[in-house]
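>>> Let me see the structure of the following:
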Amino acid sequence: MLAVNPEAIGLFGLFATVMCFGLEQLGVGVKGADHEKLTRTLGYIAIFFGGFTQIFTSLCMYLFSVGGDHSIYLGTVFGFFGLFWVVVGFFFLKGGDKKVMAHFFLCGLILVIAFTVRAFQDGLIWPLGVDLVVIDILLITLIPGWYTGKPALTKLAGLCNVAIGIISLFLLIPAVFL
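Here you go, the predicted model:
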């Protein structure tokens, strides 16, 4: 029996989450919005679309080796980002210290740089490696952004999120249609 490749659900979760966060960071459609409701909604999106879908994909990669030779690597990538989004989602739902989240982003950056290096070593340059480079830039932006709260860094993070979403389409479409 052939296992179904679960990458599509994880990639869709990534796409939906980063696009929602990116558009919000850029200020698209949020003028006059109830900030508390907006924050709570982003928290739910992060947990369910960004978190649970990628954790599900990670488990499938590990348990069924659907990623071929890259199953462990891809399972680790999906697993990290799934857990990452769960933490971000809970922060948006429950609140917390933004400086501690900036430290969390620094820890994440170290791991994502390792993921990026591995992608390039394995020849997975486009679109995965490029997507990871943009995620590196996003995390580099979020660290001082969450420390200082400067609007320009929020806008740059929004652009990074939208770029991640667009690049992720190049991973998602083949997973759905091929």
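>>> Where does pLDDT dip in this protein?
Applying pLDDT under 70 to the chain flags residues 1-4.
>>> Which positions within stretch 125-140 qualify as buried?
Taking 16 or more other C-beta atoms under 10 Å as the neighbour-count basis, stretch 125-140 is seen to contain the buried residues 127-140. For the C-beta atoms, the positions are set from N, CA and C on the backbone; glycine is no exception.
>>> Residues touching it, excluding its own?
By C-beta atoms under 8 Å, 6 or more residues apart in numbering, the surrounding residues in contact with stretch 125-140 are 105-106, 108-109, 112-113, 115-116, 119-120, 157, 160-161, 163-164, 167-168, 170-171.
>>> from those, which would you call buried?
If you count burial by 16+ other C-beta under 10 Å, the buried members of those come out as 105, 108-109, 112-113, 115-116, 119, 157, 160-161, 163-164, 167-168, 171.
>>> Go through those residues and say which is closest to residue 6.
The shortest separation between residue 6 and any of those is 13.0 Å, and it belongs to residue 171 (by C-beta to C-beta).
>>> can you give me the strands in this protein?
Along the chain, no stretch is classed among the strands by DSSP state E.
>>> what's the longest helix along it packed up against?
Scanning the chain for the helix with the most residues, using DSSP state H, yields helix 151-177. Packed against helix 151-177, as judged by 3 or more C-beta pairs under 8 Å, 6 or more residues apart in numbering; DSSP states H and E, are the following elements: helix 7-25, helix 130-148.
>>> Mean neighbour count, the ones you listed: which tops it?
Among these, judged by mean count of other C-beta atoms under 10 Å, the one packed with the most neighbours on average is helix 7-25 (a mean of 22).
>>> ok now it, how far from the chain's centre?
With C-alpha atoms, centre = their mean, to the nearest Å as the basis, the distance from the averaged C-alpha position of helix 7-25 to the chain average is 7 Å.
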